[in-house]
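Predicted model and sequence follow; I will ask about them next.
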Amino acid sequence: MIQPPAPAWPSLPEVMKRSTLILLLTTLLLIGATAGLLSYQKEIQTLGEPGVQVVATPVFDPEGNVAGTHSVPLPDRLLDCDSEVRPIAREVLDWLPPDTTYAQRLYQDTNHFQMLVNVVLMGGDRTSIHKPEYCLVGSGWGDHHYLETNIVIHRPHTYDLPVRRVDASRVFTFESGQELERRGIYVYWFVADGEMTARHGERMWSMARHLVLTGELQRWAYISAFSVCAPGQEESTYARMAAHIAELVPQIQLTTGPALADNRQP
């Protein structure tokens with residue numbers, strides 16, 4: 001009896017070569033489809049309203065040149081602190097997209113308390129806002145400790161503002177060789193039209209979901225406050241910061257949270 005010839009199975013190298021080719025083609029197709037979808041979304045997307053006030057006030061770079069025609073109206077005074085407008089660093093202007101809106105003021109009282117307030121508002125380019133901790137690392141502040149908490153805002157009604165507090169450390173070395181250790185208290189949050197969060201990942205997810213469902217790109221603002229203190233003064237410094245932030249927010253922020261009982265204390 002004549003047996004039929006055995007099937008010519010491909011060798012293992014041939015199978016692997018075909019699998020690699022199929023995987024490569026599939027990857028290229030997915031990349032192409034994703035690029036096409038993003039391009040289409042960009043063509044049809046609209047830009048949402050900001051969750052903060054924007055006014056036609058110019059901002060400047062360190063050389064005094066106009067770096068932007070609009071800004072967020074940070075108040076001249078907060079509680080017992082006067083302030084001065086601070087220029088936007090050239091590195092920031094060169095790194096972030098040209099349609100980014102900025103505001104920056106340094107608040108200080110007569111007892112040496114200082115708080116730098118910074119606002120970065122994105123435009124049509126979503127890369128205006130990055131992970132906040134990059135700012136601390138880039139400035140030499142390390143040993144970070146994180147806490148998610150709320151600051152009670154009392155106007156126009158009482159609500160909780162979600163914030164993230166980052167305690168960092170840095171040792172300053174002077175020309176004499178003397179070293180001085182300081183703590184940095186960094187408080188930040190994100191706000192868009194009708195939404196607030198202290199979490200970078202939650203902001204990214206909200207922006208992606210909203211864009212897919214509505215075709216509108218949320219216009220997020222990243223608001224931060226930073227103070228420096230001696231070791232052991234972290235809690236008292238944060239308490240002062242929270243009081244000034246509670247005074248600041250109703251003056252610049254349009255988005256509020258759900259109303260709470262008005263007997264809550266800041």
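Nice, I can see it.

doesn't residue 133 make contact with residue 166?
Yes: the criterion here is Cβ atoms under 8 Å, and residue 166 meets it with residue 133 at 6.8 Å. Using the backbone N, CA and C atoms, a C-beta is placed for each residue, glycine as well.

What are the boundaries of the strands in the stretch 101-250 of the chain?
All strands of the stretch 101-250 of the chain, identified by DSSP state E, counting those that start in this stretch, fall at 101-108, 114-121, 142-153, 159-173, 179-192, 195-197, 216-219, 221-229.

Give the buried residues for the fourth one.
Residues 159, 161, 162, 163, 164, 165, 166, 167, 168, 170 are the ones in strand 159-173 that count as buried (16 or more other Cβ atoms under 10 Å).

and what of stretch 139-153?
141, 150, 151, 153.

ok, these vs residue 58, which is closest?
Nearest to residue 58 among these: residue 153, at 28.8 Å, using Cβ to Cβ.

what's the spacing between the closest one and residue 249?
Shown here: residue 153 relative to residue 249, a distance of 5 Å by Cβ to Cβ, to the nearest Å.

what touches both of the two?
residue 161 (Cβ atoms under 8 Å, 6 or more residues apart in numbering).

Apart from its neighbours in sequence, what residue is nearest residue 253?
residue 52 (5.4 Å; Cβ to Cβ, 6 or more residues apart in numbering).

just residue 145 next, same as before
residue 167 (4.4 Å).

Let me see the contact set for the most centrally placed residue in the chain.
Taking Cα atoms, centre = their mean, the centroid of the chain lies closest to residue 222, which sits 4.1 Å from it. Contacts for residue 222 (Cβ under 8 Å, 6+ apart) come out as 119, 120, 121, 129, 132, 188, 190.

And the pLDDT at it?
pLDDT for residue 222: 97.

Over to residue 189?
Residue 189 is given a pLDDT of 98.

roughly how far apart are it and residue 221?
On the measure of Cβ to Cβ, residue 189 and residue 221 end up 9 Å apart.

so what's residue 106 bridging to?
Counting by DSSP bridges, residue 106 forms beta bridges with residue 84, residue 116.

Kindly report the same for residue 47.
residue 217.

Near it, how many other residues are there?
13 (other Cβ atoms under 10 Å).

Surely it is in contact with residue 220?
No: in this structure, residue 47 is not within contact of residue 220 by Cβ under 8 Å, at 11.1 Å.

thinking again about what came up before, for residue 166 and residue 133, list the residues in contact with both.
Shared contacts of residue 166 and residue 133, counting by Cβ under 8 Å, 6+ apart, come down to residue 144.

which ones are touching the closest residue to residue 251 other than its chain neighbours?
By the measure of Cβ to Cβ, 6+ apart, the closest residue to residue 251 outside its immediate chain neighbours is residue 75, 5.2 Å from it. For residue 75, the contact set (Cβ under 8 Å, 6+ apart) comprises 83, 248, 251, 252.

what about the helices in the protein?
For the chain, the helices defined by DSSP state H cover 12-44, 90-95, 133-138, 200-214, 234-252.

And for stretch 247-263, what's in contact with it?
Residues outside stretch 247-263 that contact it (Cβ under 8 Å, 6+ apart) are 50-53, 72-75, 78-79, 117, 119, 151-162, 191-196, 223.

how does it look with 6 Å?
Contacting residues not belonging to stretch 247-263 are listed as 51-53, 72, 75, 78-79, 153, 155, 157-160, 191, 194, 196 [Cβ atoms under 6 Å, 6 or more residues apart in numbering].

can you check stretch 82-90 too?
59, 60, 61, 62, 67, 76, 102, 104, 105, 106, 107.

One more: stretch 140-150?
Under the contact criterion Cβ under 6 Å, 6+ apart, stretch 140-150 has outside partners 160, 162, 164, 165, 166, 167, 168, 169, 170, 184, 198.

related to what we said a few turns ago, the residue nearest to the centre of the chain pairs with what?
With DSSP bridges as the rule, residue 222 is bridged to residue 120, residue 190.
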